[in-house]
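J.: task: produce atomic coordinates for the following.
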Amino acid sequence: MIRDDDDDDTIAAAHRAARDIGKDHIHVITFTDGPKNKPNGLDRGLRASTKDVVCVFDAEDQPHPEIYNVINTVMLRDQADVVQSGVQLMNFKSTWFSALNCLEYFFWFKSGLHAFTRMFGVTPLGGNTVFFKRQWLEKVRGWDEACLTEDADIGLRLTQAGAKIQIVYDETHATQEETPDSVDQFIKQRTRWNQGFYQVFFKGDWARMPSMKQKITALYILLNSLFQALIVLYLPLGLYIMLTQSLPVPIALISWIPIFMLITQLIVNLIGLGEFTRAYGERMPFLFRFKTALVYYPYQLLLSLSAARAIWRLVTNRSSWEKTAHSNLHRQSSAPVAQGTV
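T.: Residues are numbered from 1 along each chain as shown. Below you'll find the predicted structure:
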């Protein structure tokens, strides 16, 4: 367990948990020097660890008890150097935006990450429930302590170095997490992710990947938030032009493409909502799809705002780690646990 020293409550809870588990090899590591961020803590944990396989979980994670057996089987069966297991946000009814946030994870870990890894040979790893063979972490010199998305960064560097990365996802063993509990927390979290992706882009490790297909895929992953933001911001302008201006037919048809893309995404999300609730045995409230459709565009505006804010922070050289507060919304039916930030 790793924590910087500015949160006495979380450190005390970690010590209590270590005592309750009662294993000599469990330690709580705190630090006062260097950046107060996750990659700094991970590098310290790597130096303190002794085993051949290193895994990462976040403080708010609720992993499955059998996850280690699953990963052990995958590593032995597939001769994998790195295994990324599924992570799923669960509290889809908590806020007006939480269902769409949950679906992003559902699509990403269930299909998107598989496609990028197997079809395109590029893997931006997630921040937790990921397992590394120590030799590969040492080969790429651990995590970049200046990067706000150390997880995606190390995934791309391991890809470039030739590590064999395997993705596994099933609903039974997925690590359960929660969405941010407010719009403010969501924007801060997504800003950090976007800014981190832009940092990785400017670092340029993606440009050293072996094939052009991998380079183009990495570019798409790192800069996709900008593309999505432009589509979202185009919608009101495009509607205004189409309804008030006389355009040649070919231009008019082309101008509808971004709107069709957003509508297609909405339909896919509404279908995916049913898949998600069935997969996890959740009950979808009456008219919930209708509510989700109504908030779809406002949610896209939040993503656009986060992308713009990330650019502003990057340009103004603001790289502090904005922590995401957690309220244990994915454990509402469980016994109370200590709250914290990561």
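
J.: what sits against Arg296?
T.: In this structure residue 296 is Tyr, not Arg. Contact analysis of Tyr296 by CB atoms under 8 Å, 6 or more residues apart in numbering lists Leu100, Leu266, Asn269. To be clear about C-beta, it is placed using only N, CA and C from the backbone, and glycine gets the same treatment.

J.: can you put these in TSV and add distance to Val315 and neighbour count?
T.: What follows is these, written out as TSV (distance: CB to CB, whole Å; neighbours: other CB atoms under 10 Å):
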residue	distance to Val315	neighbour count
Leu100	28	22
Leu266	32	16
Asn269	32	21
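
J.: starting at the chain centroid, how far to stretch 174-184?
T.: Chain-centre distance of stretch 174-184: 11 Å, with CA atoms, centre = their mean, to the nearest Å.

J.: report the rounded mean pLDDT for it.
T.: What stretch 174-184 shows for mean pLDDT is 95.

J.: buried ones in that stretch?
T.: Ala174, Thr175, Gln176, Glu177, Glu178, Thr179, Pro180, Asp181 (16 or more other CB atoms under 10 Å).

J.: any chance of the contacts of Tyr296 in a markdown table, plus secondary structure, distance to Leu219 and pLDDT?
T.: Shown next, in a markdown table, are those (DSSP: H, G, I helix; E, B strand; the rest coil; distance: CB to CB, whole Å; pLDDT from 0 to 100):
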| residue | secondary structure | distance to Leu219 | pLDDT |
| --- | --- | --- | --- |
| Leu100 | helix | 25 | 98 |
| Leu266 | helix | 26 | 96 |
| Asn269 | helix | 25 | 97 |
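
J.: list just the nearest of the buried residues of stretch 174-184 to Asp8.
T.: Distance to Asp8 across these (CB to CB) is lowest for Asp181, with 21.9 Å.

J.: what mean pLDDT does stretch 38-56 get?
T.: 92.

J.: start and end of it, how far apart?
T.: End-to-end distance for stretch 38-56, by CA to CA, to the nearest Å: 11 Å.

J.: same check, this time on stretch 278-294
T.: 22 Å.

J.: and the contacts of that stretch?
T.: Under the criterion CB under 8 Å, 6+ apart, residues 88, 90, 92-93, 96, 99-100, 106, 171, 266, 269-270, 273-274, 276-277 lie in contact with stretch 278-294.

J.: which of these sit farthest apart?
T.: For those, the maximum inter-member distance is 24.7 Å, found between Trp96 and Glu171 (CB to CB).

J.: let me see the contact set for the residue nearest the centre of the chain.
T.: Taking CA atoms, centre = their mean, the centroid of the chain lies closest to Gly126, which sits 5.4 Å from it. By CB under 8 Å, 6+ apart, the contact set of Gly126 is Gln84, Val87, Phe109, Leu113, Asp151.

J.: how far away is Pro39 from Glu138?
T.: Counting by CB to CB, to the nearest Å, the gap between Pro39 and Glu138 amounts to 15 Å.

J.: more neighbours, those two?
T.: The residue with more neighbours, out of Pro39 and Glu138, is Pro39; 22 against 12, by other CB atoms under 10 Å.
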